[in-house]
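K.L.:
Take this sequence and fold it.
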Amino acid sequence: MVAISSFYTTRVPKTTRHFTSQSKTTTMNRPVVAIMRPDMHLDSSIELARSRGFDVVAAPMIELESCHDDRFDGFVERVLAHESDIVIFTSANGIAFTLQKIADVSGFISALNEMCVVAIGSKTKKALEKQNIDVNMMPDSFSSEGIAEMLAEIVGDVPWVIEVVRSAHGDPALITALSGRGAFEVHETVVYRLVLPDDGRQQRLIKDVLAGRIDAFAFTSAMTVHNFMKVARKMDSESRIVDMLNERIVAAIGPPTAETLQNYGVKVRVTPERFTFSDMIDALERCV
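P.N.:
Sure, this is the predicted structure:
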């Protein structure tokens, strides 16, 4: 069986056709949403969107690539030596990319379970628990600022050694917020980076946008926005793409993504209260 994500678009009945006006695209059946998540998340994302009443145009605008920076070994050594107090995981992907670099995974997990492990949100928490890692804290606000505020409330003036595990393109707000507090000694390590895939699907997505075939857009990260615009720019279509987005419903998964879109001149109509893909699709469903 061929995976859904191997197709550029989900297949819809031939009777479904798109009709374009100057301000709106409609279908005889269901609204069409553009999803630009990495291939590893694309199948489940398409399935979820279809279950909420959407047809889908899908093309990954980012791909995840493992990296091993010069701070990673020190991070592992401090954890194994119980010199760290708090380890913060800022994404579910960061957990997998961390563990695949470690020789003694069981020993590392045992050491983590003797300190405070923080997950930035519910998805990260589930990924940690799947690896038998105990999650001690999770902020009410699934954001870097939410974590900094939560830790500031409980730590007080006692010095704490904090480890932050992240991607190369993560929001710097967490490091800035933590480093600004004298009680924290903050270390960070980058375990993966985001790259722009180039397999033809990206260009076809831009063409579909310009043709008015998409009603809503689900942007899941600031880097997804940058890469989307980069592809449009290479096709000499960035200004037309911005105009088209502003005639449609644009969703951003959280404030950093929304701010990035706004910096390109794009109006963001939807930002979910909880910064998850599922909540964003639910919010989009209420708007179309």
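K.L.:
distance of Ser239 from Arg269?
P.N.:
20 Å (CB to CB, to the nearest Å). Heads up, the C-betas are built off the backbone N, CA and C, glycines and all.
K.L.:
The two: which is more packed in?
P.N.:
Arg269 (17 against 11; other CB atoms under 10 Å).
K.L.:
Now that the more buried one has come up, it's in contact with Ala251, right?
P.N.:
Yes: the criterion here is CB atoms under 8 Å, and Arg269 meets it with Ala251 at 6.9 Å.
K.L.:
To which secondary structure element is Glu129 assigned?
P.N.:
Using DSSP states H and E, Glu129 sits within helix 122-130.
K.L.:
what residues does that helix touch?
P.N.:
89-92, 94-96, 117, 119, 134-135, 138, 142, 274, 276 (CB atoms under 8 Å, 6 or more residues apart in numbering).
K.L.:
which stretches of the protein form strands?
P.N.:
Secondary structure of the chain (DSSP state E): strands located at 18-20, 25-27, 32-35, 55-58, 63-66, 86-89, 116-119, 160-167, 184-195, 216-219, 249-252.
K.L.:
Return a PyMOL selection command for the buried portion of the contacts of helix 122-130.
P.N.:
The command below creates a PyMOL selection of those among these that count as buried (16 or more other CB atoms under 10 Å):
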select buried, resi 89+90+91+92+94+95+96+117+119+135+138+142+274+276
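K.L.:
re the thing from before, rebuild the strands of the chain as TSV, extending it with distance to Glu77 and mean pLDDT.
P.N.:
Output for those, formatted as TSV (distance: least, CB to CB, whole Å; pLDDT from 0 to 100):
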stretch	distance to Glu77	mean pLDDT
strand 18-20	56	31
strand 25-27	55	44
strand 32-35	40	98
strand 55-58	41	97
strand 63-66	20	94
strand 86-89	13	94
strand 116-119	18	93
strand 160-167	11	92
strand 184-195	11	92
strand 216-219	38	98
strand 249-252	38	97
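K.L.:
Is it possible to get a markdown table of those strands that adds distance to Val288?
P.N.:
Listed next are these as a markdown table, based on distance: least, CB to CB, whole Å:
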| stretch | distance to Val288 |
| --- | --- |
| strand 18-20 | 14 |
| strand 25-27 | 10 |
| strand 32-35 | 8 |
| strand 55-58 | 11 |
| strand 63-66 | 28 |
| strand 86-89 | 34 |
| strand 116-119 | 31 |
| strand 160-167 | 31 |
| strand 184-195 | 28 |
| strand 216-219 | 6 |
| strand 249-252 | 6 |
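K.L.:
Which one of those strands lies nearest to Gln100?
P.N.:
Each of the strands of the chain has some distance to Gln100 by CB to CB; the shortest is strand 63-66, at 6.9 Å.
K.L.:
quick one: buried residues of the closest one?
P.N.:
For strand 63-66, using 16+ other CB under 10 Å, the buried residues are Glu63, Leu64.
K.L.:
Adjacent strands (with direction) for that strand?
P.N.:
Sheet pairing of strand 63-66 (DSSP bridges) gives strand 184-195 (antiparallel).
K.L.:
Low-confidence regions, the protein specifically.
P.N.:
Within the chain, the ranges that satisfy pLDDT under 70 run 1-28, 141-146, 155-158, 171, 180-183.
K.L.:
how's it carved up into domains?
P.N.:
The chain resolves into domains spanning 4-62+198-285, 65-195 when parsed by automatic domain parsing.
K.L.:
List the buried residues of stretch 258-276.
P.N.:
By neighbour count with 16+ other CB under 10 Å, stretch 258-276 contains the buried residues Ala258, Thr260, Leu261, Val266, Val268, Arg269, Val270, Thr271, Pro272, Arg274, Phe275, Thr276.
K.L.:
Pick out whichever of those sits closest to Arg78.
P.N.:
Nearest to Arg78 out of those is Phe275 (CB to CB; 29.1 Å).
K.L.:
where's the closest residue to that closest one other than its chain neighbours relative to Arg213, distance?
P.N.:
Spatial nearest neighbour of Phe275, chain neighbours left out: Gly254 (3.9 Å); criterion: CB to CB, 6 or more residues apart in numbering. To Arg213, Gly254 is 27 Å away according to CB to CB.
K.L.:
try Arg193
P.N.:
From Arg193 over to Arg213 (counting by CB to CB), the distance is 31 Å.
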